[in-house]
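J.: The sequence and its predicted three-dimensional model are supplied below.
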Amino acid sequence: IAMAGVAGRLARRWCRSAVRSPLQVISFPSLQLHLSGTAMRASQEDFESAMNQVKLLKKDPGNEVKLRLYALYKQATEGPCNMPKPGVFDFINKAKWDAWNALGSLPKETARQNYVDLVSSLTASSESSSQVKPGADREQQEYENLVVTSEDGITKIMFNRPTRKNAISTQMYQEIMLALKAASKDDSTITVVTGNGDYYCSGNDLANFTDIPPGGVEEKAKQSAIMLRDFVGTFIDFPKPLVAVVNGPAVGISVTILGLFDAVYASDRATFHTPFSHLGLSPEGCASYTFPKIMGPAKATEMLIFGKKLTAGEACAQGLVTEVFPDSTFQKEVWTRLKAYSKLPPNSMRISKQVIRNTEKEKLHAVNAEESSVLQERWLSDECINATMNFLSKKAKL
Ligand SMILES: CCCCC/C=C/C(=O)SCCNC(=O)CCNC(=O)[C@H](O)C(C)(C)COP(=O)(O)OP(=O)(O)OC[C@H]1O[C@@H](n2cnc3c(N)ncnc32)[C@H](O)[C@@H]1OP(=O)(O)O
């Protein structure tokens, strides 16, 4: 408890001091490699101007960056660390000493250049993030079937076709891809996918197959396979922690792609249903690979071949869901947790995700290509056409 109190005070003091003086700022080790390679050409004038810019930063760059700035400033003005090492309980001065000492014998000119570059990167990122106006207003104009908001370091992509149980139309596939691509580049640390209304998502909009292009059904199947491959590929390649907040029942592709998320939180009202055989289809979203890996082949068979619908508790027991919450407290508990996670160092989270994902990326893309190509055939099968017609003519539901 005492340590937590000290850490809190430290953070508050550092935040205040960063805007007051470059002498009281603190580091970002991940920038070190990038910065050490830059040419040494910053003048004393550039350096002084950078010191002034630090005071004008609109956004607190965080303690690590402030420590880095402090260390570079000291190195640039005084050379290698010349202070006696502070005691272990003198937390602030010890952190500053460590940061400065870590620069070793870095020449003054290089430190000056690195300081100028670091400040310039901070100014650029604060300008670009202030141009992005987070919030529903801006996003509503861009997306017809999604609500995308950015707050507290979290970009939330919400399926927004509640009257169709958030079924994914052709346009919505495109919008989800666009929203994910934007989220991968924005300054949020975590991206969340959720649904509006009582459903999380009822999967592919079965009416998608009624929009036949001049090339006929074969052309439609071909276009759909390309779209599916791109759609799933966007999830495979997504670079930040991706979390599903499953607010209600999930069907079809909205379930299979959960295997590509980094965490899945579910309300106890949620169910997980992949009725591919009932629809004359076969698995997509890399589930033919991720599900057997997550839950074992026998359990995956029950879901993907026999179409067994799982409760949230069952999906959690089988490893598809991270944690289940009572519906009454679901939103509150999940968002409190996500807000805490969003404050973790973003670069570290992103890199950890990449380390985990990179070992499998090639395999996942290959599986995605294979599944999409098999489905291209399935969509033209009698089994699939009959099942789709039965649903659309209101003869069948899941
Ligand atoms: C191109 C890439 C393809 C990738 C391959 C993807 C595969 C899949 O995702 S397979 C799974 C496809 N999904 C389904 O088969 C679900 C079909 N829907 C249903 O069975 C039911 O609607 C329900 C169980 C999801 C919900 O039932 P209920 O609570 O009774 O609600 P309604 O049926 O009255 O739904 C309200 C309204 O929404 C329409 N709707 C719901 N889901 C879909 C859907 N997936 N596609 C098209 N339309 C859907 C439903 O028809 C109702 O419409 P109205 O009757 O006009 O009000």
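T.: Thanks, I have it.
J.: Would you enumerate the residues in contact with the closest residue to the ligand within the stretch 151-300 of the chain?
T.: Of the residues in the stretch 151-300 of the chain, the one nearest the ligand is Gly252, at a distance of 2.2 Å by Cβ to the nearest ligand atom. Quick note: C-beta positions are derived from backbone N, CA and C, even for glycine. Residues near Gly252 by Cβ atoms under 8 Å, 6 or more residues apart in numbering: Ser202, Gly203, Asn204, His273, Thr274, Pro275, Phe276.
J.: Tabulate these in a markdown table, adding columns for neighbour count, pLDDT and distance to the ligand.
T.: Formatted as a markdown table, the contacts of Gly252 follow (neighbours: other Cβ atoms under 10 Å; pLDDT from 0 to 100; distance: Cβ to the nearest ligand atom, whole Å):
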| residue | neighbour count | pLDDT | distance to the ligand |
| --- | --- | --- | --- |
| Ser202 | 24 | 98 | 3 |
| Gly203 | 25 | 98 | 3 |
| Asn204 | 24 | 97 | 3 |
| His273 | 19 | 98 | 8 |
| Thr274 | 31 | 98 | 7 |
| Pro275 | 19 | 97 | 6 |
| Phe276 | 24 | 97 | 6 |
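J.: Show only the entries of the residues you listed found in helices.
T.: Taking DSSP state H, every one of the contacts of Gly252 sits outside helices.
J.: Of those residues, which belong to strands?
T.: Secondary structure from DSSP state E places His273 of the contacts of Gly252 in strands.
J.: SS state for Tyr199?
T.: What DSSP: H, G, I helix; E, B strand; the rest coil gives for Tyr199 is coil.
J.: if we can go back for a sec, can I get the contacts of Gly252 in JSON lines including distance to Ala312?
T.: Formatted as JSON lines, the contacts of Gly252 follow (distance: Cβ to Cβ, whole Å):
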{"residue": "Ser202", "distance to Ala312": "16"}
{"residue": "Gly203", "distance to Ala312": "17"}
{"residue": "Asn204", "distance to Ala312": "22"}
{"residue": "His273", "distance to Ala312": "12"}
{"residue": "Thr274", "distance to Ala312": "15"}
{"residue": "Pro275", "distance to Ala312": "18"}
{"residue": "Phe276", "distance to Ala312": "20"}
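J.: Ser373 against Ile226, yeah?
T.: No - contact between Ser373 and Ile226 fails when scored by Cβ atoms under 8 Å: they sit 10.2 Å apart.
J.: Tell me which stretches of the stretch 1-150 of the chain form strands.
T.: Assigned by DSSP state E, counting those that start in this stretch, the stretch 1-150 of the chain shows strands spanning 146-151.
J.: actually the stretch 251-398 of the chain, not the one I typed
T.: If DSSP E, counting those that start in this stretch is used as the criterion, the strands of the stretch 251-398 of the chain fall at 263-267, 271-273, 310-311, 323-325.
J.: Quick one: residues contacting Lys397.
T.: Here Lys397 is in contact with Phe391 (Cβ under 8 Å, 6+ apart).
J.: ok, it to the ligand distance?
T.: According to Cβ to the nearest ligand atom, to the nearest Å, Lys397 and the ligand sit 4 Å apart.
J.: How about Lys361, nearest residue that isn't a chain neighbour?
T.: Ile236 (6.4 Å; Cβ to Cβ, 6 or more residues apart in numbering).
J.: Mind telling me what element that neighbour is part of?
T.: helix 216-237 (DSSP states H and E).
J.: distance of the residue of the stretch 151-300 of the chain closest to the ligand from Leu375?
T.: For Gly252, the distance to Leu375 (Cβ to Cβ, to the nearest Å) stands at 12 Å.
J.: what angle do the biggest helix by length in the chain and strand 146-151 make?
T.: The longest helix of the chain (DSSP H) is helix 108-131. Between helix 108-131 and strand 146-151, the angle comes out at 140 degrees (axes from the mean of the first three to the mean of the last three Cα atoms, to 10 degrees).
J.: burial of Gly62, as a residue count?
T.: When neighbours are counted by other Cβ atoms under 10 Å, Gly62 registers 19.
J.: Could you do Ala263 as well?
T.: A count of neighbours around Ala263, defined by other Cβ under 10 Å, yields 19.
J.: Likewise for the one 4 residues further on?
T.: Residue neighbour count, defined by other Cβ under 10 Å, stands at 21 for Ser267.
J.: Begin at 55, not 1, for the rest of this chat.
T.: Got it, the first residue is 55 from now on, which makes the last one we talked about Ser321.
J.: Quick check: it touching Asn301?
T.: Yes - using Cβ under 8 Å, Ser321 is in contact with Asn301, at 5.5 Å.
J.: Retrieve the pLDDT associated with the residue nearest to Gly339 when sequence neighbours are not counted.
T.: Distance criterion Cβ to Cβ, 6+ apart; nearest residue to Gly339, sequence neighbours excluded, is Thr310 at 3.0 Å. Per-residue pLDDT puts Thr310 at 98.
J.: Thr310 against Pro337, yeah?
T.: Yes - assessed by Cβ under 8 Å, Thr310 is found in contact with Pro337 at 6.0 Å.
J.: overlap in contacts of the two?
T.: Shared contacts of Thr310 and Pro337, counting by Cβ under 8 Å, 6+ apart, come down to Thr328, Phe345.
J.: who in this protein is up against the ligand?
T.: Residues of the chain lying near the ligand by Cβ under 6 Å from any ligand atom: 218-219, 221, 256-262, 278, 281-282, 305-307, 333, 335, 338, 445, 451-452.
J.: Of the residues you listed, grab the buried ones for PyMOL.
T.: Buried subset of the residues of the chain next to the ligand, written as a PyMOL selection, criterion 16 or more other Cβ atoms under 10 Å:
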select buried, resi 218+219+221+256+257+258+259+260+262+278+281+282+305+306+307+333+335+338+445
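J.: OK, contacts around Phe330?
T.: Gly306, Ser336, Pro337, Leu358, Ile359, Gly361.
J.: how about it, phi and psi?
T.: Dihedral pair for Phe330: phi -70, psi -40, per degrees, to the nearest 10.
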